[in-house]
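S.K.: need a structure here:
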Amino acid sequence: MNYYYNNVPGKGKCRNNLIYTSLISKDKKIFCQWYYNDKTYHGEHNQVVDPELMDEKFEREIKFLRLMEKEYPQHVPVFSINEKERKVYLEIDGPDMWELAGCQGTDYSQVVPNWQDQILDILKAHKSLGIHKYSIHPSSYFLVNGKLKSINYFFTYHNSESNKSLASVESHIYSNRQDEMRKYTTGLGIDWHEPQSWNTMNQLCWNSFRTNYSEEFINKALGI
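M.R.: Just a heads-up that it's a prediction; the model follows:
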């Protein structure tokens, strides 16, 4: 398998994920989440360097992927897991939605005409299961037979879990995303170092992605 990058205009090849190492098969039919800090892939900018935290991210990924596979199999790719090597293999039909859109813009109709409805259905499924997924970048969706499939459940929590502060999870969040989040913390009454309700975290997360999704879609997502 080869390293998988996103080709971002003005930046060139950028790592596809900040936590794991992204790999893809030569025929682009298998995407692999390798929960390993590969220094070459991450360009010495590895964010999760604590092995125990990396293990936790892997365990969350497979826990919630399996839950989705059981309850809403239509929303996730077919996958297999190598627990010893900390690898998740997902069956896909080529690059992710963001890559297919040229890694720019806030509308993905040229890739999937009804992308909004498809992602909103996935969000409704998450809500019905009581889970909160904060890795929601457009690169977290792959196409399979024309349908969007959701991945990246390593940054997901269940209603039953204790609330988190942003400071406690900032190693999972790229610095530019943190900057976007800080634009909304005051308006939402958020203290970066104090635990926040999952609903508040949802509001902050979606607001911070206004540069990646259309205003119309963000408002719909906030309403779920």
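
S.K.: contacts only, for the residue lying closest to residue 153 once chain neighbours are set aside.
M.R.: Excluding the flanking residues, the one nearest residue 153 by CB to CB, 6 or more residues apart in numbering is residue 64, at 3.7 Å. C-betas here are computed from N, CA, C, even on glycine. Listed by CB atoms under 8 Å, 6 or more residues apart in numbering, the contact set of residue 64 reads 131, 133, 153, 156.

S.K.: just the residues you listed: which are in helices?
M.R.: Nothing among those maps onto helices, per DSSP state H.

S.K.: which SSE is residue 118 in?
M.R.: helix 115-129 (DSSP states H and E).

S.K.: before we move on, the earlier item: now, which of the contacts of residue 64 sits nearest residue 105?
M.R.: residue 133 (22.3 Å; CB to CB).

S.K.: from residue 179, how far out is the closest residue to the closest one other than its chain neighbours?
M.R.: Of all residues beyond its chain neighbours, the one nearest residue 133 is residue 156 (4.5 Å), with distances taken as CB to CB, 6+ apart. Look at residue 156 and residue 179: by CB to CB, to the nearest Å, they are 23 Å apart.

S.K.: kindly report the same for residue 131.
M.R.: Separation of residue 131 from residue 179 (CB to CB) stands at 26 Å.

S.K.: residues of the worst-scoring helix or strand of the chain on mean pLDDT that come out buried?
M.R.: When the helices and strands of the chain are scored by mean pLDDT, DSSP states H and E, helix 175-185 comes last with a mean of 84. Using 16 or more other CB atoms under 10 Å as the burial criterion, the residues of helix 175-185 that qualify are 177, 180-181, 184-185.

S.K.: how about stretch 190-202?
M.R.: If you call a residue buried by 16+ other CB under 10 Å, then stretch 190-202 has these buried ones: 190, 196, 198, 201-202.

S.K.: can you tell me which of those residues is closest to residue 103?
M.R.: Of all the buried residues of stretch 190-202, residue 103 sits closest to residue 202, with 24.9 Å by CB to CB.

S.K.: how about the closest one, nearest residue that isn't a chain neighbour?
M.R.: residue 132 (6.0 Å).

S.K.: mind listing what that neighbour touches?
M.R.: Neighbour list for residue 132: 126, 156-159, 198, 201-202 [criterion: CB under 8 Å, 6+ apart].

S.K.: mean confidence for whichever strand or helix holds residue 168?
M.R.: Using DSSP H and E, residue 168 sits in helix 166-169. When pLDDT is averaged along helix 166-169, the result is 88.

S.K.: list the contacts of that helix.
M.R.: By CB under 8 Å, 6+ apart, the list of residues contacting helix 166-169 reads 155, 173, 181, 185, 190, 192-193, 196, 201, 204.

S.K.: dump stretch 134-143 to CSV, keeping only the CA atoms.
M.R.: The C-alpha coordinates for stretch 134-143 follow below in CSV (Å, rounded to 0.1, in the frame of the first residue of the first chain):
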residue,chain,number,x,y,z
TYR,A,134,-16.1,15.3,16.0
SER,A,135,-14.0,14.2,13.1
ILE,A,136,-16.3,15.7,10.4
HIS,A,137,-13.9,17.0,7.8
PRO,A,138,-15.0,16.4,4.2
SER,A,139,-12.2,13.9,3.9
SER,A,140,-14.0,11.7,6.4
TYR,A,141,-16.4,10.6,3.6
PHE,A,142,-15.7,8.1,0.9
LEU,A,143,-17.9,7.0,-2.0
